[in-house]
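S.K.: Model the structure of this input:
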Amino acid sequence: MKIAVYPGSFDPVTCGHLDIIKRSCKLFDKVIVAVLNNSSKSPLFSFDERVELIKKCITDIPNCEVQSFGGLLVDFVKKSGANTIIKGLRAISDFEYEFQMAMLNKKLAPDIETVFMVTNLNCLYISSSVVKEICHFGGNAEGLIPSEIIKDIKDKIEKEC
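M.R.: As a prediction, the model looks like this:
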């Protein structure tokens, strides 16, 4: 069975993330969306909230599951029985960072491969940070975040303000 892990902070999950998830699920028998507890970021949504938001978006994808993790990604990948990390790319700047991370992961775990997937053109400009800002100022986030979670995101942002 070919298992892949798609890691990220997903704060919140966007249409760009969902694009990578759906396309990855066509390539692998199982894809684990791994929600990272990144100590260098201050997430709007808790671990559990981010996991639940993603679960709402993937109900129609049978070979996809969501888990949260902390620590080294390669350790999580090994524990999951996977041998592939999926990384989505929007721009050259994404590639530079992700390439460095892929090389570090390869040094730590030579048997784990990283697969880069370029996002669809209609998602190139979408980021979780931009989505949060648009929602914070009452802008229209349709087409930027999955419709299943627009209300959840708006409610959370209203509560935080």
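S.K.: How about E142, nearest residue that isn't a chain neighbour?
M.R.: Nearest non-adjacent residue to E142, counting by C-beta to C-beta, 6 or more residues apart in numbering: I150, 6.9 Å away. Bear in mind the C-beta positions are built from the backbone N, C-alpha and C, glycine included.
S.K.: Run a quick neighbour tally on that neighbour.
M.R.: Using other C-beta atoms under 10 Å, I150 has 17 neighbouring residues.
S.K.: how about low-confidence regions in this protein?
M.R.: The chain contains residues with pLDDT under 70 at 38-41, 161.
S.K.: what are the ranges of the helices in it?
M.R.: 15-27, 47-57, 73-79, 92-108, 128-136, 150-160 (DSSP state H).
S.K.: nearest to C64, of those helices?
M.R.: helix 15-27 (5.3 Å; C-beta to C-beta).
S.K.: contact partners of the closest one?
M.R.: With C-beta atoms under 8 Å, 6 or more residues apart in numbering as the test, helix 15-27 has contacts from 2, 4, 6, 8, 10, 31, 33, 57-58, 61, 63-64, 86, 88, 90, 115, 117, 119-120, 122-124, 126-127, 143-146.
S.K.: same question, stretch 113-129
M.R.: With C-beta under 8 Å, 6+ apart, stretch 113-129 has contacts from 4, 9-16, 19-20, 23-24, 27, 83-91, 95, 98, 101-102, 105-106, 143-144.
S.K.: If you count neighbours, what's buried in it?
M.R.: For stretch 113-129, burial by neighbour count (16 or more other C-beta atoms under 10 Å) applies to E113, T114, M117, T119, C123, I126, S127, S128.
S.K.: And stretch 138-145, by the same measure?
M.R.: A141, L144, I145.
S.K.: next one: it to chain centre, how far?
M.R.: 18 Å (C-alpha atoms, centre = their mean, to the nearest Å).
S.K.: Would you mind measuring from the spatially closest residue to L72 that is not a sequence neighbour to A91?
M.R.: Once flanking residues are discounted, L72 sits nearest to L108: 6.9 Å by C-beta to C-beta, 6+ apart. Distance, L108 to A91, by C-beta to C-beta, to the nearest Å: 26 Å.
S.K.: now I150
M.R.: From I150 to A91 the distance is 25 Å (C-beta to C-beta).
S.K.: Could you pull up the contacting residues of the closest residue to V74 other than its chain neighbours?
M.R.: In this structure, V74 finds its nearest non-sequential neighbour in A109, 4.0 Å apart by C-beta to C-beta, 6+ apart. Taking C-beta under 8 Å, 6+ apart as the criterion, A109 is in contact with V74, V77, K78.
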